[in-house]
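Peer 1: Provide a 3D model corresponding to the input given below.
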Amino acid sequence: MKTGAADGTTASEGNIALKSVSVILCVLAVCAAPLAPSRAQRASTAETCLAANGDITLGAPLPKVAALVKANKPVKIVAIGSSSTVGLWMNDPAKTYQGRMKSELERLIPGIQLDIISAGRNGDTIPGNVARFEQDVFAHQPDLVIWQLGGNDFTWGKTETALSDSIADAVRQLRATGADVVMMDQQYTPVILSTHYAKMQGAIADVARGDNVALFPRFDMLHKAVMSGVSIFALSAFDGLHMSGDAYDCVGRALARAIVAAVR
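Peer 2: Just a heads-up that it's a prediction; the model follows:
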C-alpha cells in the first residue's frame, strides 16, 4: 500500500517531482553558464590565449621607445584606429586593449612613465584614419603610434597591391614624424571570417615585410588561441564582429609583452 503525503501526493510521485526539479535546475545552470561566466572562467580564457602566444613578436625594432626606456624618460603613445581602439562594449577604459597594455607595461617595466592617447572612431576606415592623422596623431607628437587597421575596409573594391600602396604611404607619413610605428591587423571573429579578410591581411603583411614595420599579428594570435582550445565565441562580443573582454585583455597584455621584447 502506498503512503500518501498530506496533499495527496504519493511518495513515488514526490520523488519524481523532486528529481524533475533537480533536472530543471541543472539545465538552467548549464544554459546560464555561457551567458554569465564566472570571474575564474573569464580569467582562464584570457590566460589560455596568452599562454598560446608566448612567442609573439613584432618582427621589427622600436628604436625610439627603446632609447626612451633606457634613459628612463616618458613615453607618449597614440593609438589610432576604429572600434577596437575605442574599446567598443567595454564600459571601463582600463579594460580596453590600451588599458590592459598600460597596466602590463607598468608591471613589466617598473617606473615607466606612460602617456597613452586613444584616437579611435567607431566604423572608421583606412582613409578615415589617414584623414585624422594631422589632428589626432601628429598634434600629440607621439613617440610610438599603434595603428589598428583593416577591420572596416573589407568591402573595398581595391586589389591587394592597391591596398598595400595605401597602407605603405600612410606608414611613411607616421614615420616621418620620428615616431616608432606598430600596425595591428584584423580581429579573428565570425563576422570578419565571413568577409574577404585574406586580401586585407595580405596587404598589411606585405607592408610589414617590405618596409620593416612592426606588426602585432592580432588575427593570427586570436586564431592560435582558438586552435589551442579557446572558443571563438569566448573571444568575440555578442555581435560576432568585435572582441570580447577576454580578447581585449589578451591583446593588450600580449602587445605589451611584444613591445617589451622589441625594446630590450
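Peer 1: E47: how many residues sit nearby?
Peer 2: 15 (other Cβ atoms under 10 Å). No exception for glycine: its C-beta is placed from N, CA and C like everyone else's.
Peer 1: just the one 10 residues further on next, same as before
Peer 2: Burial of T57 is recorded as 13 neighbouring residues (other Cβ under 10 Å).
Peer 1: Contact partners for it?
Peer 2: Applying Cβ atoms under 8 Å, 6 or more residues apart in numbering to T57 gives the contacts 258, 261-262.
Peer 1: Now do the same for it: helix, strand or coil?
Peer 2: coil (DSSP: H, G, I helix; E, B strand; the rest coil).
Peer 1: From Q173, how far out is it?
Peer 2: According to Cβ to Cβ, to the nearest Å, T57 and Q173 sit 25 Å apart.
Peer 1: Ends of stretch 66-80, what's the gap?
Peer 2: Distance across stretch 66-80, first residue to last, is 21 Å (Cα to Cα, to the nearest Å).
Peer 1: Now do the buried residues in it.
Peer 2: Across stretch 66-80, burial judged by 16 or more other Cβ atoms under 10 Å covers 68-69, 75-80.
Peer 1: how far does stretch 186-197 sit from the chain's center?
Peer 2: Stretch 186-197 sits 13 Å away from the centroid of its parent chain (Cα atoms, centre = their mean, to the nearest Å).
Peer 1: pull the CA atoms of that stretch into CSV?
Peer 2: Coordinates of each C-alpha in stretch 186-197 appear next as CSV, following Å, rounded to 0.1, in the frame of the first residue of the first chain:
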residue,chain,number,x,y,z
GLN,A,186,42.2,42.5,-38.1
GLN,A,187,40.4,40.6,-35.3
TYR,A,188,39.7,36.9,-35.6
THR,A,189,35.9,36.9,-35.2
PRO,A,190,33.0,35.2,-37.1
VAL,A,191,31.9,38.3,-39.0
ILE,A,192,35.5,39.0,-40.2
LEU,A,193,35.9,35.4,-41.2
SER,A,194,32.8,35.8,-43.5
THR,A,195,34.5,38.6,-45.5
HIS,A,196,37.4,38.7,-47.9
TYR,A,197,39.7,39.2,-44.9
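Peer 1: hmm, who's touching it?
Peer 2: So stretch 186-197 is in contact with 84, 150-151, 154-155, 200-201, 218-223, 226, 232-233, 235-237, 239-243, 247, going by Cβ under 8 Å, 6+ apart.
Peer 1: quick one on the thing from earlier: widest-spaced pair of the buried residues of stretch 66-80?
Peer 2: V69 and I80 (21.8 Å; Cβ to Cβ).
Peer 1: how about the buried residues of stretch 66-80 in JSON lines, adding pLDDT?
Peer 2: JSON lines is the format used below for those (pLDDT from 0 to 100):
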{"residue": "L68", "pLDDT": "98"}
{"residue": "V69", "pLDDT": "97"}
{"residue": "V75", "pLDDT": "98"}
{"residue": "K76", "pLDDT": "98"}
{"residue": "I77", "pLDDT": "98"}
{"residue": "V78", "pLDDT": "98"}
{"residue": "A79", "pLDDT": "98"}
{"residue": "I80", "pLDDT": "98"}
